[in-house]
Structures are given as C-alpha cells and as structure tokens.
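> Could you look at this predicted model? Sequence included:
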Amino acid sequence: MGAKSIAVLTSGGDAPGMNAAVRAVVRSAISFGMKVYGVKRGYNGLLHGDVEEMNLRSVSDIMQHGGTALFTARSPEFNTPEGVQKAAEMCRKLGIDGVVVIGGDGSFRGARDLTNAGVLCIGVPGTIDNDIACTDYTIGYDTALNTAMEMIDRIRDTTESHDRCSVVEVMGRRCGDIALHTSIAVGAIATLVPEVPYDFEKDVIARIRMAQTTGKRHFIVVVAEGVGHTQEITERIQKETGIESRATVLGHVQRGGSPTLRDRVVASRMGYHAVELLEKGLGNRVVAMKGEEIVDFDITEALEMPRVFDEKLYGISAKLSI
C-alpha cells in the first residue's frame, strides 16, 4: 500500500538545486493526492516536530534560489538509536507514512535507520561534492563547478597581469571531481586530487618549468580540499621557481548562488521519482542518475558501492595543460 502522507527534509550541507527538489516533491505528492509536510532543519526538526503542511503555493518562486528553504542542521541526537525511535514516533504522531531525505551519505544512513524503524524513506542525492558512489551526478555539483570556474577566471586576470602563479583550493571533501573538472575548464597547469598520489617536483614544479620554456609566464594550480596544505604548496612553488605565488581558498562561495539549469532539471526529476517510489509503497531506496536516466537503489547497497574516480580524464587533463 502506497504512502498517503509524506514529508520532505534537507539534511547535511546545503546545495544549489535543493529547493527545486523540494518543489518537485511537494507538487508531485499533491498531484498523487497525498498530504505533504515540510520539515525544517533536517532530522533535528523532525525530532522536535518542526513540521508544517505544504501546498502548491508553499514552493512558489523557490527553485531559482540557492541554499534550502527548509533549512538544514546537524543532529547528534538523531544519530542514536533513541533518536531514531523518537523521530519514528513523531512521524506516527503526525500521520506521516514516508519521508524524502535530500542530502548526502550521512543523510542516507539516517534514512535507512528510519526505514528500519517503520517509516518509509527515500534518499535524494544533494551535495556539491559529487561524492555519492551510486550516482553519476548529485544535485548542486554543476552549480559549484560553474561558480569555481567563474571565480578562477577572475583570479586569472590578476595572475596574468602580474606574471604570477595562483594556487586555488576548491571544495569536495575527499572527492576530487570539482578540482578535476574545474581544472580542465580553466586550463590549470597542475591539478592535485586526493585520489591520485602526486610527486610535487614532477607533477607541479617540472610542469611549470617546462611551460616557461615555451613562453608561458602565468600559472593556475587547482588543489582539491581533500589534499589541503594549499598555503604550503604556494610557498614551495614560489621558493623553487621564483615565481610570485598567491593562495586562494574559494570555500563556501561554491555552495551558494542560483542553481544552473542542469541542477534545477535533475533535482526536479529526482524529486518526482522519489515520490513515485513512495506512492508505490517502496522505501529504503536512493534515487540516482546513471547516464541521463533516473534510477534507484537499495540504500544499504548504495552505501556500500565503491566510488570510482575518472583517472582517464585526469590523464587527459595533464596532457592538455602543458
């Protein structure tokens, strides 16, 4: 029997496109004849009943905004068996049969626990890091890429004017996808990611020196957040090459801003698919994108999948950046 009353929440870090997913969940649920509730501040809000019924107008004019209209928060209490039971009891009290959870791996573990406690849950991948193994694409990733590219293009203007080397750190936690794709887009001389061990002399200094012999005088090095040591890397480049070097950490600027068309459309498709699953009485699933197709997996299966880094693309990046 399908769910008759569902809730939607956003958990973990915010990502551009989450609002489009919330909108899709609310409006598709209503089209299926369901009641739908918005939960404020993630699992923490669910624990404390910070929930309101939503209608078609509740999600008007939100999809073009970054962040999450439902807000988000960490919830140490929910990460305990007692917390999960408390959340399940709140769902039963409010008559909620299913919950759509928009977030990352940690959010999905919470969705799995809540499903095991008797509440159907569907996970929708929302994180700029693109670090969820079961899906080729996560909501917010494209916007973060475009933001990073735009910021580095701006940094390049000064870098070129002063014959400098700019070392730019981008986000991604332990995933190097933002760094790799941004690096190709901006023509960086070197890319450092946590998935690939690097030889600093060979992969950074030697590349800069070789490019100098061809007449190049300004350089961009992109460093993934998971590599870190950005200031140390910058100082070492200046010391060993004599090139004036500057470090820039882009930080949370990549998590904000109006989502791109791709993020809005993918989020809408994923949100609709999540409601379809609940309407069929299915839970403990994660919505994913494979190629251009929207699919779903068992949550436990999804969490156990190994993430594969595109080493071929990394090699292409190295060849194109000389």
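Looks like it arrived, so ask away.

> What segments of this protein are strands?
5-10, 35-39, 51-53, 98-103, 120-125, 165-170, 190-192, 219-224, 245-249, 285-290, 293-298 (DSSP state E).

> Out of these, which gets nearest to residue 150?
Between residue 150 and the strands of the chain, the tightest spacing by Cβ to Cβ is seen for strand 165-170, at 12.0 Å. To be clear about C-beta, it is placed using only N, CA and C from the backbone, and glycine gets the same treatment.

> And that closest one, what does it pack against?
Judged by 3 or more Cβ pairs under 8 Å, 6 or more residues apart in numbering; DSSP states H and E, the packing partners of strand 165-170 are helix 141-161, helix 177-186, strand 219-224, helix 230-241, strand 245-249.

> could the ones you listed go into JSON lines alongside distance to residue 292?
As requested, the helices and strands packed on strand 165-170 are exported to JSON lines (distance: least, Cβ to Cβ, whole Å):
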{"stretch": "helix 141-161", "distance to residue 292": "13"}
{"stretch": "helix 177-186", "distance to residue 292": "18"}
{"stretch": "strand 219-224", "distance to residue 292": "26"}
{"stretch": "helix 230-241", "distance to residue 292": "35"}
{"stretch": "strand 245-249", "distance to residue 292": "34"}
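
> Select, out of these, the one closest to residue 259.
Taking the helices and strands packed on strand 165-170 one by one with Cβ to Cβ, helix 141-161 is closest: 4.8 Å.

> Next, the angle from that closest one to helix 177-186.
Helix 141-161 and helix 177-186 meet at an angle of 50 degrees, taking axes from the mean of the first three to the mean of the last three Cα atoms, to 10 degrees as the criterion.

> okay, the angle between helix 141-161 and strand 245-249?
160 degrees.

> quick revisit: please render the strands of the chain as a markdown table that adds mean pLDDT and mean neighbour count to the earlier fields.
Shown next, in a markdown table, are those (pLDDT from 0 to 100; neighbours: other Cβ atoms under 10 Å):
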| stretch | mean pLDDT | mean neighbour count |
| --- | --- | --- |
| strand 5-10 | 98 | 28 |
| strand 35-39 | 98 | 24 |
| strand 51-53 | 97 | 14 |
| strand 98-103 | 98 | 30 |
| strand 120-125 | 98 | 30 |
| strand 165-170 | 98 | 26 |
| strand 190-192 | 98 | 26 |
| strand 219-224 | 98 | 27 |
| strand 245-249 | 98 | 18 |
| strand 285-290 | 98 | 23 |
| strand 293-298 | 98 | 16 |
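
> Out of those strands, flag the one nearest residue 204.
strand 190-192 (4.8 Å).

> So which of the helices and strands packed on strand 165-170 is nearest residue 310?
Closest among the helices and strands packed on strand 165-170, using Cβ to Cβ: helix 177-186, at 7.1 Å.
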